[in-house]
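[1] Provided below for reference: sequence and predicted model.
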There are 2 protein chains.
Amino acid sequence: MGDIKTSNKHYMYAIGIDIGGTNTDIGLVSPAGEVVARKNLPTAQYSDANLYADDLAKTIQELIAEQKVEVKGIGIGAPNGNFYTGCIENAPNLNMKGNIYLAKMMEERLHLPAVITNDANAAAYGEMVYGGAKGMKNFIMFTLGTGVGSGIIVDGKLLYGHDGFAGELGHTIIFPEGRDCKCGRKGCLEQYTSAGGIRKTCLDMMSQDPYYDGILSKVPVEEIDSKMIGDAANAGDELALKVFEYTGNILGLAMANAVAFSSPEAVFLMGGPVKAGKVLLDPVMKSFDHNVLSNYRGKIKIMVSQLKQNDVAILGAAALVS
Amino acid sequence: MGDIKTSNKHYMYAIGIDIGGTNTDIGLVSPAGEVVARKNLPTAQYSDANLYADDLAKTIQELIAEQKVEVKGIGIGAPNGNFYTGCIENAPNLNMKGNIYLAKMMEERLHLPAVITNDANAAAYGEMVYGGAKGMKNFIMFTLGTGVGSGIIVDGKLLYGHDGFAGELGHTIIFPEGRDCKCGRKGCLEQYTSAGGIRKTCLDMMSQDPYYDGILSKVPVEEIDSKMIGDAANAGDELALKVFEYTGNILGLAMANAVAFSSPEAVFLMGGPVKAGKVLLDPVMKSFDHNVLSNYRGKIKIMVSQLKQNDVAILGAAALVS
C-alpha cells in the first residue's frame, strides 16, 4: 500500500466521503470536526469503478492542494460499504455494478489509509464523535431517506458483526405479509418509514378516502413526496397527520424491538422525513412507550440527530480514520 | 469485599449457579469445563433473600469442602440477573421480591469474586466456552422454555448494552395485535415459541378443527404440553405437525430479524421445545431462509446447542469467572 503517512495524526485533517446514488460529497474535516471545504462528484454518471476512483482521487488531491493541509486518511460512507473488506458490495442504487474495492483503490492512488463503512454507520459514528451522542457508548441511529438504514454503537464501537453487515434494521420484517420490498421480501420497515414508504401510505389513505379534499388533493399525484406530506401535516391537514401517525406507530414499534436487542442509552433519528418534526415524533414517542418492554421504559432517550444533515455522513466517515 | 482470592486462577475450579423459579442448581466446574459435582436448593421455598443467600453460601461451602478443591469464583445465571449491578432485579418468577444484590451477598459470605448475568446470557456464554460455538465470536442463542430468552455474543463478549439488559428477544413484538403477554404487551415472540406458546397454538388449532380425532384429542386438555405435542408430531399427527410448522415459521422470522441486527456467524437454539427435533427445525430453517435478507442468506449456521441442557447454564455461569 505504498508509503502511507501516519505521523502527527492527531493534528491532521481527514477526508470524509459520502457516496450517494446521485452525488458523492467529499469534505475536508479539521481536527476540531468542521467541514472546512467540500467538493462533489456526480456518482450516477459513472458505470466504471476505475474511472470513478480516478476522478475521486483527483478531486481529493485538488481539495488537499487548495487548502494546503496535511491529511491523515480517507473515510468513506457508501451504500453496502463493508468495513472488513473495504468493499462496496453490489450496491443496488449505484450504476457501478459488482464488488468495488474502493478503500484499496484510494490507498493505491493517494498513498493514504482509507476505510469504508455504510452510510448509516458513518452517520452513527459522526453523531457519537461530533453530535448529540457525544459521550454515549450505546445507541442506535435510524436514518430515514430513500431507504431506511441504521448504525448501532455498542460499547463505543460500531457493531459490524461477523461479516461487516450488521445493522440492517430497515430490512427487519414488521408485517410478514406486508408491502413488497425491493429486497425481494415483504413487510420490511423501510417500506413504511422511508420517504417512499410515507408517500405510499399517503396514496393508500387517499384511495381509501375518495372524499378527501385537503391540501394534497390539489396536487398532481406524481408531485406528492414525503416533504410535501410533512408540510401538509404541519399545516393541519388531517389525512397528512394520519399518514405520519401511521408512520410513527410503525417506527416506534421497530425502535422498541431494536432496544430489546442492545439496550441502548438512546435512539437517534435523522433524515428527510424527520424534518417534519412533531407530527412524526409525537406518534413515534407514543408508540415507543406503548411497545417497549417495561425493563427499558422511561430509561431511553429518543433524539433527533444534532448534526447538519449535509455534514453528518462526511463527519462520520472522516471520524473513522481519526 | 474482604480477602478475595485471585492466585493461580487458570488452574482453579469455579462454581456455576443456575437459578430457576423452582430449583437452584449449583455445580462445581473443573478447569477442563466439566461439572464434577452438583447440589441444589429449592428456590421456590424462599421468600427472604438473606436466608436464601445464607443457605446458598452454606451449600457452596459444603460442595467445596467435599471435593477438596480451590475455587476461583462464583458465576450466577438468574432471571433478570444484571451483570453491571450484580443484582437480580424484580424477577417475576421468584418468590423473593424486589432487588436482590446476590453477587455482593455471595462475596460477603464466601470471600470469593461473584458475578451474575441472566440465564440465557449464561447459556450463550457456556456454548461459546464449552459447546458448539467454540471459536465463534458473533452468534445469537435463543433459549426456549417456560419463557423465551436470548444471549447475544458480539466480538467474543456478551452484549449487555447500556444498563445490562440487552438481549430480550423473547419480548420483541412479532404481531402488534397478537397474543397477550405476561409482560403486559401483545404479540411478543415468547407467546408463540415458548413451551406455553406452543401449547396455546395447539389448543387454538384444536378449537378450529372440531373434527380432529388424532393423538392429542384422546388426552385431557390440562395434560397437553409442548413435549407431548412434539411426541405427537414425531408420530405423524397432522395437527401437531401444523403446530410446529406455525411455531417454526414465527421463530424463523424472529431469527431473520435478529440477524439483521448483529450479523452473526450462527444462531443457536436450545431448550425443551427444541428437543422435538426436525418437526420444529425444518420449518425454522425454511422460514429463516425465506425471511432473511439476501445479504445474509446462506452465510449463517442454524445450530442446536451442543451442551447437555442441565449443564449449559452452570457451565456458562462458571465460565464468567474464568
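    Looks like it came in fine.
[2] for chain B, what are the nearby residues on the stretch 101-250 of chain A?
    Of all the residues in the stretch 101-250 of chain A, those in contact range of chain B (CB under 8 Å from any CB of the partner chain) are A:137-138, A:152, A:154, A:159-169, A:171-173, A:176, A:183-185. Quick note: C-beta positions are derived from backbone N, CA and C, even for glycine.
[3] can you say which of those are buried?
    By neighbour count, with 16 or more other CB atoms under 10 Å in any protein chain shown, those hold A:138, A:152, A:154, A:159-169, A:171-173, A:176, A:183, A:185 as buried.
[4] once you drop chain neighbours, what's closest to the residue of the stretch 51-200 of chain A found nearest chain B?
    Proximity of the stretch 51-200 of chain A to chain B (CB to the nearest CB) peaks at residue A:161, 2.8 Å away. Computed as CB to CB, 6 or more residues apart in numbering or on different chains, the closest residue to residue A:161 that is not its neighbour in sequence is residue B:263, at 2.8 Å.
[5] show the backbone phi and psi for the closest residue to residue A:166 other than its chain neighbours.
    Nearest residue to residue A:166, sequence neighbours excluded (CB to CB, 6+ apart): residue B:263, at 3.9 Å. The phi and psi values for residue B:263, taken as degrees, to the nearest 10, are phi 40, psi 70.
[6] got the contact list for residue B:263?
    Residues near residue B:263 by CB atoms under 8 Å, 6 or more residues apart in numbering or on different chains: A:160-168, B:138, B:296.
[7] so what are the domain limits for chain A?
    A:9-126+A:311-319, A:136-305 (automatic domain parsing).
[8] next up, the contacts around residue A:26.
    A:15-17, A:38-41, A:56, A:59-60, A:63, A:314.
[9] what helix or strand does it sit in?
    strand A:24-29 (DSSP states H and E).
[10] pull up the pairing partners for that strand, direction included.
    strand A:13-19 (antiparallel), strand A:35-41 (antiparallel) (DSSP bridges).
[11] excluding its backbone neighbours, what's nearest residue A:37?
    With sequence-adjacent residues excluded and distances taken as CB to CB, 6+ apart, residue A:37 is closest to residue A:28, at 4.6 Å.
[12] any weak-confidence spans in the stretch 101-250 of chain A?
    Nowhere does the stretch 101-250 of chain A drop to pLDDT under 70.
[13] so where do the strands sit in the stretch 101-250 of chain A?
    Secondary structure of the stretch 101-250 of chain A by DSSP state E, counting those that start in this stretch: the strands cover A:114-117, A:139-144, A:148-154, A:157-158.
[14] give me the mean pLDDT for the strand holding residue A:26.
    For strand A:24-29, the mean pLDDT works out to 96.
[15] restrict that strand to CA atoms and write it as PDB.
    Extracted in PDB, the C-alpha atoms of strand A:24-29 (Å, rounded to 0.1, in the frame of the first residue of the first chain):
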ATOM      1  CA  THR A  24     -20.600  11.900  -4.000                       C
ATOM      2  CA  ASP A  25     -19.900  14.600  -1.400                       C
ATOM      3  CA  ILE A  26     -16.200  15.000  -0.400                       C
ATOM      4  CA  GLY A  27     -15.400  17.000   2.600                       C
ATOM      5  CA  LEU A  28     -12.100  18.100   4.300                       C
ATOM      6  CA  VAL A  29     -12.600  17.800   8.000                       C
END
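[16] residues in contact with the residue nearest to residue A:296 when sequence neighbours are not counted?
    Using CB to CB, 6+ apart and skipping residues adjacent in sequence, the residue nearest residue A:296 is residue A:259, 5.3 Å away. When contacts are counted by CB under 8 Å, 6+ apart, residue A:259 is found next to A:140, A:267, A:292-293, A:296, A:300.
[17] please identify which of those residues is nearest to chain B.
    Nearest to chain B among the contacts of residue A:259, with distances taken as CB to the nearest CB, is residue A:293, at 4.6 Å.
[18] ok, and the closest non-adjacent residue to residue A:214?
    In space, residue A:214 is closest to residue A:237, 4.5 Å off (CB to CB, 6+ apart).
[19] distance of the one you found relative to residue B:19?
    Separation of residue A:237 from residue B:19 (CB to CB, to the nearest Å) stands at 55 Å.
[20] okay, these two: which has more neighbours?
    residue B:19 (30 against 19; other CB atoms under 10 Å in any protein chain shown).
[21] next secondary structure after the longest helix anywhere in chain A?
    As assigned by DSSP state H, the longest helix anywhere in chain A is helix A:238-262. Moving toward the C-terminus from helix A:238-262, the next helix or strand (DSSP H and E) is strand A:266-270.
[22] what's the closest non-adjacent residue to the spatially most central residue of chain A?
    Of all residues in chain A, the one closest to the mean position by CA atoms, centre = their mean is residue A:120, 3.5 Å from it. With sequence-adjacent residues excluded and distances taken as CB to CB, 6+ apart, residue A:120 is closest to residue A:149, at 2.9 Å.
[23] okay, now residue A:271: neighbour count?
    Residues near residue A:271, counting by other CB under 10 Å: 25.
[24] what pairs with the residue nearest to it when sequence neighbours are not counted across the strands?
    The spatial neighbour of residue A:271 that comes closest, neighbours along the chain excluded (CB to CB, 6+ apart), is residue A:144 at 3.7 Å. Bridge pairing for residue A:144 (DSSP bridges) gives the partners residue A:148.
[25] what about residue A:144, distance to residue A:30?
    Taken as CB to CB, the span from residue A:144 to residue A:30 is 29 Å.
[26] turn the domains of chain A into CSV, including distance to residue B:250.
    CSV is the format used below for the domains of chain A (distance: least, CB to CB, whole Å):
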stretch, distance to residue B:250
domain A:9-126+A:311-319, 28
domain A:136-305, 9
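[27] looking at these, which is nearest to residue B:50?
    Nearest of the domains of chain A to residue B:50, taken as CB to CB: domain A:136-305 at 25.1 Å.
[28] what distance separates that closest one from the middle of the whole chain?
    Domain A:136-305 sits 13 Å away from the centroid of its parent chain (CA atoms, centre = their mean, to the nearest Å).
[29] ok, now stretch A:292-312?
    Using CA atoms, centre = their mean, the offset of stretch A:292-312 from its chain centre is 14 Å.
[30] between the contacts of residue B:263, which sits nearest residue A:93?
    The closest of the contacts of residue B:263, once distances to residue A:93 are taken by CB to CB, is residue A:168, at 14.7 Å.
[31] in this structure that closest one contacts residue B:295, no?
    Yes - using CB atoms under 8 Å, residue A:168 is in contact with residue B:295, at 6.7 Å.
[32] which element is residue A:79 on?
    Using DSSP H and E, residue A:79 sits within no helix or strand.
[33] next, count neighbours for it.
    Residues near residue A:79, counting by other CB under 10 Å: 21.
[34] kindly report the same for residue A:246.
    Counted with other CB under 10 Å, residue A:246 comes out at 19.
[35] so who does it touch?
    A:192, A:201, A:205.
[36] helices of the stretch 201-322 of chain A, start to end?
    A:226-234, A:238-262, A:278-291, A:309-319 (DSSP state H, counting those that start in this stretch).
[37] still on that earlier bit, wait, isn't the residue nearest to residue A:120 in contact with residue A:122?
    No - contact criterion CB under 8 Å: residue A:149 and residue A:122 do not qualify, at 9.7 Å.
[38] in terms of neighbours, single out the busier of those two.
    The residue with more neighbours, out of residue A:149 and residue A:122, is residue A:122; 34 against 27, by other CB under 10 Å.
[39] name the nearest residue to the more buried one, sequence neighbours excluded.
    residue A:77 (3.1 Å).
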